[in-house]
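> I would like the atomic coordinates for the input below:
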Amino acid sequence: MKVKHLKTKTTIELTPEELHDWITRVNQIDSMLDNYSEIKDVYMSDVCNLDTIKWRMTRLFNLTWNSNTHRYIKGDNK
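A predicted model of the protein is given here:
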């Protein structure tokens, strides 16, 4: 996976396997939201999955935590 931050756009290049992995993550989120809407409850496994997805997205977009604003921001393009 390659991420390039340019002035006017960000380009993400994924291998077919990485794309499949992200499709799986989207389907996990869909399932979690469906469960929540049906039973109005959250499974701890769903919380773990959300945490994993958040972590993977911060890596995908090269985000870093800013302790002053308490938000993720765009990191250095390395």
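
> switch to C-alpha atoms for all contacts and neighbour counts from now on
Fine.

> what's the burial count for residue 28?
As a burial measure, residue 28 scores 16 neighbours (other CA atoms under 10 Å).

> and what of residue 53?
Neighbour count of residue 53, defined by other CA under 10 Å: 17.

> can you give me the neighbour number for the residue lying closest to residue 1 once chain neighbours are set aside?
Leaving aside its sequence neighbours, residue 1 sits nearest to residue 14 (CA to CA, 6 or more residues apart in numbering; 4.9 Å). Using other CA under 10 Å, the number of residues around residue 14 comes to 15.

> pull up the gap between residue 14 and residue 69, please.
Here residue 14 is placed at a distance of 30 Å from residue 69 (CA to CA, to the nearest Å).

> just residue 57 next, same as before
Taking CA to CA, one finds residue 57 at 19 Å from residue 69.

> ditto for residue 4
Distance from residue 4 to residue 69, by CA to CA: 24 Å.

> the two: who's more crowded?
Counting neighbours by other CA under 10 Å for residue 4 and for residue 69 shows that residue 4 has the greater number, 14 against 8.

> whatever helix or strand that one lives in pairs with which strands?
Under the criterion of DSSP states H and E, residue 4 resides in strand 2-5. Its sheet considered, strand 2-5 pairs with strand 10-13 (antiparallel) by DSSP bridges.

> any idea which element the residue nearest the centre of the chain lies in?
The structure's the chain has its C-alpha centroid closest to residue 57; by CA atoms, centre = their mean the separation is 2.7 Å. Element membership for residue 57 (DSSP H and E) is helix 44-60.
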